[in-house]
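Asker: Generate a structure from the sequence data that follows.
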Amino acid sequence: MALELKIHAVRQVFNDGNHNAFTDLCRFEGKFYLTFRNCPEGHMLFTSSRIIVMRSADGNTWEQVHTFSVPERDVRDPHFMILNGRLFVYSGTWLVDPADSHNTDMSEQLGFCVWSDDGSEWHGPRALDGTHGYYIWRAKSYDGTGYLNGRCVKGAAKVKDRAEEDRLMESWLLQSRDGFSWTPLGLIQPLNGDETAFLFEPDGSALAVARSGGRRPAQLCRARPPYTEWTRKDLSRYVGGPMLARWGERYLVGGRKMVGTAKPATALYWLVDDELHEIAELPSGGDTSYPGFVERSPESGLLSYYSSHEGSGASLAPSAIYLADLALA
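Answerer: Next up, the predicted model:
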């Protein structure tokens, strides 16, 4: 297995002076789509946040095709899913306390989506049935069914502090036939659950890379249909905002790298024999991570991510959206 990766043409594709973050990429009807969150006030919870969707024929020249927000809520972490010929963009949302935006309540989480049949005319946002109390994250479809990662506090318990909330956080796989109504299916992480990237193998089995609460090592999780029982194995390092993609016969993982006292960066890894092998560190720093990936060919791909290293250097505006062309040597 060739493991050498070349990174070409890293460029800013969006920087309006706001905090731009949390990317995803997909290909739909022969065009590339990029989505991310835009907020003038920064990384944390603000009702001024919005989701932007952009489109490109070649991955170089981009146009904005849609934007949306939800009243009284912070929108973030948009992710694509294509189900039955329809393109969805999903967003987890927090209800923002107007008196104190740091006062959060996981029980008030609610997922929203917008959707399009042609990438030009968009509908929504619409609240997702079955997601109240879940913070939704990455989505995939397989064999006519939609799947979504959602995390919630075990038993909707009232917690006394962030440490207890992290410990009681569960990461679930939700399912849907229409992309709008969701039901819990399988418990991916019963403790310290967090952002989970997943894919489906040709034989129908599911593979996931899950961030774990705090700075704990990420977990490699697996399930076979009907995805109700999951196994977990700790990986060698923490991965923030994980991405997992199958690229030919390889598994590409990306996310925030935080090792010791070193500054954060967005890094890429091969997943080989249940182990992460670091292959690249992208130009990044400050507030960074949450990559998206589209395979262009067995030898080339397109990667999105965000970073504030050329901006605030922190979790405040400005932070920019970047694209990088990847190639296998």
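
Asker: So for the closest residue to residue 108 other than its chain neighbours, what's the pLDDT?
Answerer: The shortest distance from residue 108 to any non-neighbouring residue, by Cβ to Cβ, 6 or more residues apart in numbering, is to residue 95 (4.1 Å). Any C-beta I mention is one placed from the backbone N, CA and C, and that applies to glycine too. Per-residue pLDDT puts residue 95 at 97.

Asker: What residues are bridge-paired with residue 95?
Answerer: For residue 95, the beta-bridge partners under DSSP bridges are residue 73.

Asker: For residue 315, see how far away it is.
Answerer: Residue 95 is 21 Å from residue 315, where distance means Cβ to Cβ, to the nearest Å.

Asker: tell me the contacts of the nearest residue to residue 106 once chain neighbours are set aside?
Answerer: The shortest distance from residue 106 to any non-neighbouring residue, by Cβ to Cβ, 6+ apart, is to residue 153 (4.9 Å). By Cβ atoms under 8 Å, 6 or more residues apart in numbering, residue 153 lies in contact with 106, 107, 133, 159, 165, 168, 169, 170.

Asker: now the helices for the chain?
Answerer: Taking DSSP state H as the test, the helices found in the chain are 162-168.

Asker: Mind picking out the helix or strand in it with the poorest mean pLDDT?
Answerer: Lowest mean confidence among the helices and strands of the chain (mean pLDDT, DSSP states H and E): helix 162-168, at a mean of 85.

Asker: Which residues does that one contact?
Answerer: Counting by Cβ under 8 Å, 6+ apart, 106, 153, 154, 155, 157, 159, 191, 192, 213, 214 sit against helix 162-168.

Asker: Can you say which of those residues are buried?
Answerer: Buried by 16 or more other Cβ atoms under 10 Å: 106, 153, 159, 192, 213, out of those.

Asker: Which of the residues you listed fall within strands?
Answerer: Members of the buried ones among the contacts of helix 162-168 lying in strands (criterion: DSSP state E): residue 153.

Asker: Show me the two of the buried ones among the contacts of helix 162-168 that sit farthest apart.
Answerer: Based on Cβ to Cβ, the longest span within the buried ones among the contacts of helix 162-168 runs between 106 and 192 and measures 14.2 Å.
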